[in-house]
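> dropping the sequence and predicted coords here.
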Amino acid sequence: MLSLLALPLWHKVDALTHQELTLTAFGFTPTNMLRPATNAPVWVIGVLALASAAVAMYEIFQFRTRFTQLKLGMLNLLLIMATFGAAFYFSNQGETFLNPKLEGQFQPAFYLPTLALLLNLLANRFIRRDEQLVRNSYDRLR
């Protein structure tokens, strides 16, 4: 999620006018054109990505309380989905700023929340499996 902050999310080029528009986690970056007037705060993408990374880091160090890890994993799932949704919303909004007939391309950072979501789901699965193993071992000792 931290690499999402440094990489572009979406990019659109108008070959006739040589205008370019790039969506990053903190705003639109225009080239050879005026800055688009948006009322919406694009920086929300960056804030959500930072919050997701912070929750993931905190979750890693909560290994003694697996139930807390599971709750933090669910919270991180919501944050990742919100990041993905915000990126999609603002990329659709960016389509209208520069020649609506042309289509923009999603950049590598757009797909990173999907990878983070997959890894988060795997982590939750293995935390649950570990908790079940500890319970079964405890029952066997009794």
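The structure has been received and is ready for your questions.
> neighbouring strands for the helix or strand of the chain with the lowest mean pLDDT, and are they parallel or not?
Across the helices and strands of the chain, the lowest-confidence element by mean pLDDT, DSSP states H and E is strand 27-31, at a mean of 87. Counting by DSSP bridges, the strands paired with strand 27-31 are strand 19-24 (antiparallel).
> picking that back up, give me the contact list for the least confident helix or strand of the chain.
Residues external to strand 27-31 that are found in contact with it (Cβ atoms under 8 Å, 6 or more residues apart in numbering): 8, 19-23, 35-36, 38, 42-43, 94, 97. From N, CA and C alone the C-beta is placed, and that goes for glycine too.
> most neighbours among those, which one is it?
Each of these was scored by neighbour count (other Cβ atoms under 10 Å); the top score is that of L23, with 26 neighbours.
> I figured N124 hits L75, correct?
No: the pair N124 and L75 does not pass the contact test of Cβ atoms under 8 Å, sitting 11.1 Å apart.
> quick check, L70 in a helix?
Yes: counting by DSSP: H, G, I helix; E, B strand; the rest coil, L70 is found in a helix.
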